[in-house]
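Student: Fold the following.
(chains A and B)
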2 protein chains.
Amino acid sequence: MDITLIMRSEDINNLKGRVAVVIDVLRATSTMVTALRNGAEAVVPFLSPEDARAFFQSHDGDYLMCGERGGVKLPGFHLGNSPLEYRRDVIAGKTLLMTTTNGTRAIRGCEAAEEVLIGSTLNAHAVAKRIKEIDKSAALVCAGTKGNFSLDDFAAAGAIIKYLTKMCKVSLADSAQAALLLTEQHNLRSIFNQSLHGQRLVELGFEKDVDYCSQLATMDLIAEFDGVSIHLI
Amino acid sequence: MDITLIMRSEDINNLKGRVAVVIDVLRATSTMVTALRNGAEAVVPFLSPEDARAFFQSHDGDYLMCGERGGVKLPGFHLGNSPLEYRRDVIAGKTLLMTTTNGTRAIRGCEAAEEVLIGSTLNAHAVAKRIKEIDKSAALVCAGTKGNFSLDDFAAAGAIIKYLTKMCKVSLADSAQAALLLTEQHNLRSIFNQSLHGQRLVELGFEKDVDYCSQLATMDLIAEFDGVSIHLI
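Tutor: I've put the predicted structure just below:
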């Protein structure tokens, strides 16, 4: 099974017939899997705050507007992008209309893929199992940060690849091999500390989020984007 | 001083006012610094074999046609892309008309930069010293392989960054930090072994080239591309 890694959303290409795993580990995809684990019905990714707001205003139902720009909760939105906000008592049974700077754009960009999975360190082992099960070529899609390579996403991809190499025989593109070599030797929390995005979140007061998002394989769940919304499978 | 890393020639951007260090460690840039160390007058990079051939046929002088496609010496050319061919008795005093699959393209792509240096592991320490001396933002430009990220170039960039972080205070973009973290923990030769390009060269019978190109800081020399040719400074 061929495994490649895409460094930034801008480089998304050639996903037809492949499984795509979207990773925006600080924090969008970590928040999504946390929300679904805690009982959210589904997550609908929106490219812009305006789109999410327009949907919310024109639909009745158990919806919450969620997301950030510049790491901070959007004005008038119910929730920001901290996974710690997404407690069961707040979000169980709700459908989350979510827009973030990098993550939701990366997810929308993967629509050509055979299957789009939501990846994070939290569900890294479960994602690796799913890739093995589907038994097709896979691309780990690092969202990046505003068009730049993001070390935290790269390391989280490495964590998934590490599990995968233990489960089955894989053929790694150099990009995937580089992420694996990096993750093999360094602790994820310490890598996140050295990423500009991790440092920025700590400055904004979100150190606990960075701690939370660096936990490895705490959730045995798979979240899939079906072209409209993200839900557990 | 800001240090960033560009993953592939295709991503070259924003070089104005910066120093660019082009790295195609297996083997073009390693071959170029070797040739200059062994007395070549200059190296002129050409995008295509046809361009190199046309120049050779229309100019009198001490020229040699050099380069490869698919790792193999071009038909009718004097030399291929193995640094071990570039012995003093073969190339001293000659000007080399060189075309390679990835390296010469990356060099030509950096023309907007303030200064374009030729980087390899062989002269990694000297390149780091030069970046410190110029004291401007720098971009390490990994040539990549046919549009793909190449682990060997990334690791060689990491080796330069490692020297640089010991010489002066630098601010590393995530891309540069990732290369540093990778190189800190792994032996260069073993990384080259795990790169697809390194493996391909071994299959083609160039194992000694891979050994040679993984040597660290054996040459205290700086080669610069002035928009026309590459020469020692």
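
Student: Close to chain B: what parts of chain A are there?
Tutor: A:7, A:145, A:148-152, A:154, A:173-175, A:177-178, A:181-182, A:184-186, A:191, A:194-197 (Cβ under 8 Å from any Cβ of the partner chain). All C-beta atoms are positioned from the backbone trio N, CA, C, and that covers glycine.

Student: hmm, try it at 6 Å
Tutor: Selection of chain A residues close to chain B by Cβ under 6 Å from any Cβ of the partner chain yields A:7, A:149-151, A:154, A:174-175, A:177-178, A:181-182, A:185-186, A:194-196.

Student: Quickly note the distance from the residue nearest the centre of chain A to residue A:184.
Tutor: For chain A, residue A:29 is the residue whose C-alpha lies nearest the centre (Cα atoms, centre = their mean; 2.5 Å). The gap separating residue A:29 from residue A:184 is 22 Å, by Cβ to Cβ, to the nearest Å.

Student: contact partners of the longest strand along chain A?
Tutor: Longest strand in chain A, counting residues (DSSP state E): strand A:63-69. With contact meaning Cβ atoms under 6 Å, 6 or more residues apart in numbering or on different chains, strand A:63-69 is reached by A:52, A:56, A:74, A:77-81, A:94-100.

Student: between those, which has the most around it?
Tutor: residue A:81 (30 neighbours; other Cβ atoms under 10 Å in any protein chain shown).

Student: Just give me how far the host helix or strand of the residue nearest to the centre of chain A sits from the chain centre.
Tutor: Assessed by DSSP states H and E, residue A:29 sits inside helix A:28-37. Offset of helix A:28-37 from its chain centre (Cα atoms, centre = their mean, to the nearest Å): 8 Å.

Student: And the contacts of whichever helix or strand comes after it?
Tutor: Sequence-wise, the next helix or strand downstream of helix A:28-37 (DSSP H and E) is strand A:42-45. Identification of contacts with strand A:42-45 by Cβ under 6 Å, 6+ apart yields A:32, A:95, A:96, A:97, A:98, A:104, A:107, A:229, A:230, A:231.

Student: The fifth one bridge partners, please.
Tutor: Pointing back at residue A:98 there. Residue A:98 has the following beta-bridge partners by DSSP bridges: residue A:45, residue A:66.

Student: Contacts only, for it.
Tutor: Here residue A:98 is in contact with A:43, A:45, A:66, A:67 (Cβ under 6 Å, 6+ apart).

Student: separation between the first one and residue A:119?
Tutor: Spelled out, that is residue A:43. 14 Å.

Student: More neighbours: those two, which one.
Tutor: More neighbours surround residue A:119 than the other of residue A:43 and residue A:119, with 34 against 27 (other Cβ under 10 Å).

Student: Please enumerate the strands of chain A.
Tutor: A:2-6, A:19-23, A:42-45, A:63-69, A:72-73, A:95-99, A:115-119, A:138-142, A:171-172, A:223-225, A:230-232.

Student: quick one, helices of chain A?
Tutor: All helices of chain A, identified by DSSP state H, fall at A:28-37, A:49-58, A:88-91, A:103-108, A:124-134, A:151-167, A:174-185, A:188-194, A:196-203, A:207-213.

Student: can I get those in TSV with mean pLDDT?
Tutor: Shown next, in TSV, are those (pLDDT from 0 to 100):
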stretch	mean pLDDT
helix A:28-37	98
helix A:49-58	97
helix A:88-91	98
helix A:103-108	94
helix A:124-134	98
helix A:151-167	98
helix A:174-185	95
helix A:188-194	96
helix A:196-203	96
helix A:207-213	98
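
Student: Among the ones you listed, which comes closest to residue B:60?
Tutor: helix A:174-185 (42.8 Å; Cβ to Cβ).

Student: That closest one packs against which elements?
Tutor: For helix A:174-185, the contact count by 3 or more Cβ pairs under 6 Å, 6 or more residues apart in numbering or on different chains; DSSP states H and E identifies strand A:2-6, helix A:151-167, helix B:151-167, helix B:174-185 as packing neighbours.

Student: Can you give me the distance of the residue nearest to residue A:228 when sequence neighbours are not counted to chain B?
Tutor: Among residues not flanking residue A:228 along the chain, residue A:44 sits closest, at 6.9 Å (Cβ to Cβ, 6 or more residues apart in numbering or on different chains). Distance of residue A:44 to chain B, given as Cβ to the nearest Cβ, to the nearest Å: 29 Å.

Student: What of residue A:38?
Tutor: Distance from residue A:38 to chain B, by Cβ to the nearest Cβ: 30 Å.

Student: For that residue, list the residues it contacts.
Tutor: Counted by Cβ under 6 Å, 6+ apart, residue A:38 has contacts A:86, A:88.

Student: Apply 7 Å and report the result again.
Tutor: Residue A:38 makes contact with A:86, A:87, A:88, A:91, A:92, according to Cβ atoms under 7 Å, 6 or more residues apart in numbering or on different chains.

Student: Check residue A:91 too.
Tutor: Neighbour list for residue A:91: A:35, A:38, A:39, A:40, A:64 [criterion: Cβ under 7 Å, 6+ apart].

Student: Buried ones among those residues?
Tutor: Neighbour-count burial (16 or more other Cβ atoms under 10 Å in any protein chain shown) applied to these gives A:35, A:40, A:64.

Student: Now render those as CSV, adding distance to residue A:25.
Tutor: CSV is the format used below for the buried ones among the contacts of residue A:91 (distance: Cβ to Cβ, whole Å):
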residue, distance to residue A:25
A:35, 15
A:40, 19
A:64, 22
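
Student: Quick check, residue A:88 in contact with residue A:39.
Tutor: Yes: proximity of residue A:88 to residue A:39 meets the contact threshold set by Cβ atoms under 7 Å, at 5.3 Å.

Student: For residue A:197, list the residues it contacts.
Tutor: Counted by Cβ under 7 Å, 6+ apart, residue A:197 has contacts A:26, A:145, A:150, A:152.

Student: Angles on the backbone of the third one, please.
Tutor: So the one you mean is residue A:150. phi -120, psi 120 (degrees, to the nearest 10).

Student: what about it, how many neighbours?
Tutor: 27.

Student: So residue A:83 versus chain B, what's the distance?
Tutor: In terms of Cβ to the nearest Cβ, residue A:83 sits 21 Å off from chain B.

Student: Let me know how buried that residue is, in neighbour terms.
Tutor: Residue A:83 has 25 nearby residues by other Cβ under 10 Å.

Student: sorry, back to before: quick check: pLDDT value at the residue nearest to residue A:228.
Tutor: At residue A:44, the pLDDT value in this model is 98.

Student: So which residues make contact with the helix holding residue A:29?
Tutor: Outside helix A:28-37, the residues that touch it by Cβ under 7 Å, 6+ apart are A:22-23, A:43, A:81, A:83, A:86, A:91, A:96, A:100, A:102-104, A:118-120, A:122-123, A:213, A:219, A:221, A:223, A:230-232.
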